[in-house]
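>>> Quick one: sequence plus predicted model below, questions after.
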Amino acid sequence: MTTIRTDFEEGRLYLKYPGQTNAQDVVMDVYADGRLEVHTNGEIGNAVPANVWHGIVRRFHLGAYVTKKQVRDWISEHRGKLVVLVNGMDERWDGNNIVGTLTNEAKAAEEDLAYALDSDPINYR
């Protein structure tokens, strides 16, 4: 049985740099061990960590103005799809890098989760 553990960064889920117009997005990083890390994305622009770039860690954008309660409720509502995603995550060497892979079921779950976030954003609940 897969255990989903959620780790939140300390303090508020809000970060706005001086001189910037908008706050930074809150993201949820999904790891193959079942860990979900919810934190503000400190990168400006399109930069991502290497493990996200290579698909080892799957990342979902939750919006800039979400509360921990909203995120917990969303995770609880979509726990089944998150378990399918985690169970289907793996890594392999592609000749240049270690990259993340997904089973067909995990790909479908990831698409469903992304669609759920797009069609019913957390911050409008």
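Arrived safely.
>>> where does the chain dip in pLDDT?
For the chain, the stretches flagged by pLDDT under 70 are 1-2, 10-11, 123-125.
>>> okay, which residue is most central for it?
In the chain, the centroid-proximal residue (C-alpha atoms, centre = their mean) is Met28; its distance is 2.8 Å.
>>> Show the contacting residues for it.
Applying C-beta atoms under 8 Å, 6 or more residues apart in numbering to Met28 gives the contacts Leu36, Glu37, Val38, Arg59, Phe60, Leu62, Val71, Ile75. (C-beta placed from N, C-alpha, C; glycine too.)
>>> and of those, the nearest to Pro121?
Leu62 (8.1 Å; C-beta to C-beta).
>>> got a list of what Tyr31 touches?
By C-beta under 8 Å, 6+ apart, the neighbours of Tyr31 are Glu37, Val57, Val86, Met89.
>>> Next: Val27.
Val38, His39, Thr40, Asn41, Arg59, Phe60, His61, Leu62.
>>> Okay, and which of these map to strands?
Counting by DSSP state E, the contacts of Val27 place Val38, His39, Thr40, Arg59, Phe60, His61, Leu62 in strands.
>>> hey, what's the fourth one bridged with?
With DSSP bridges applied, the residues forming beta bridges to Arg59 are Asp29.
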